[in-house]
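Asker: Got a predicted model here, sequence first, then my questions.
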Amino acid sequence: MRILDRMKISYEVLTYEVPEFVDGVQVADIEGVPHETSFKTLVAEGRSGSYFVFVIPIEKEVDLKAAARAVGEKSVELIHVKDITKITGYVRGGCSPLGMKKPFPTVISSEAKNFSRIYVSGGRIGSTVQLSPDDLASACGGKFADVTAE
């Protein structure tokens, strides 16, 4: 959120209480927000060894071939859950496309462009940020591409 404040980007924060890890669908239900405007953050490693971030709708899966094409890799594989904190600085269920330990190339699913505002993790379990897809792309240096499986 400090990044968004520094960039003077308009956003809204939603918070929720949960006793344990919940997935994006459960978070959307707890917050009462539409599933189609709620996005999850996935991290993948390319064949080159570089890491990439993909922001996709919570009810969809990433198309790894399309994701690899979008970042110019021969292939990408999602990182193992146990490596999330080491690579991103975030914990599972609280991984945000904003403010990772290092800035990684970020691809936001083109479906985000269908909405004026979307929801992404606020960087910790219990926090969600609502902002425009274009502002998210600006804040994380992201680009839009079709990266979800049909």
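Answerer: Arrived safely, thanks for sending.

Asker: Now for residue 138: which residues touch it?
Answerer: Contacts of residue 138 were listed using CB atoms under 8 Å, 6 or more residues apart in numbering, and they are 7, 9. Yep, even glycine has a C-beta here, placed from its N, CA and C like the rest.

Asker: how near is the residue nearest to the spatial centre of the chain to residue 73?
Answerer: Taking CA atoms, centre = their mean, the centroid of the chain lies closest to residue 41, which sits 2.6 Å from it. From residue 41 across to residue 73, the span is 18 Å (CB to CB, to the nearest Å).

Asker: ok, back up a step: where does the residue nearest to the centre of the chain sit: helix, strand or coil?
Answerer: Secondary structure, DSSP: H, G, I helix; E, B strand; the rest coil: residue 41 is strand.

Asker: Just to check, it is in contact with residue 97?
Answerer: Yes. Counting by CB atoms under 8 Å, residue 97 is a contact partner of residue 41 at 5.0 Å.

Asker: shared neighbours of the two, which are they?
Answerer: Listed as contacting both residue 41 and residue 97 by CB under 8 Å, 6+ apart are 53, 55, 120-121.

Asker: Which of those fall in strands?
Answerer: Among the shared contacts of residue 41 and residue 97, the members falling in strands (DSSP state E) are 53, 55, 120-121.

Asker: Can you say which of the residues you listed are buried?
Answerer: Applying 16 or more other CB atoms under 10 Å to these, the neighbour count classes 53, 55, 120-121 as buried.

Asker: could the residues you listed go into CSV alongside distance to residue 61?
Answerer: Formatted as CSV, these follow (distance: CB to CB, whole Å):
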residue, distance to residue 61
53, 16
55, 13
120, 17
121, 18
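
Asker: so which of those comes closest to residue 34?
Answerer: Nearest to residue 34 among these: residue 120, at 13.8 Å, using CB to CB.

Asker: can you tell me which residues contact the closest one?
Answerer: 39, 41, 55, 96-98, 128-129, 131, 136.

Asker: Now tabulate those in TSV and tack on distance to residue 106.
Answerer: Formatted as TSV, the contacts of residue 120 follow (distance: CB to CB, whole Å):
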residue	distance to residue 106
39	12
41	9
55	7
96	11
97	5
98	9
128	18
129	15
131	14
136	9
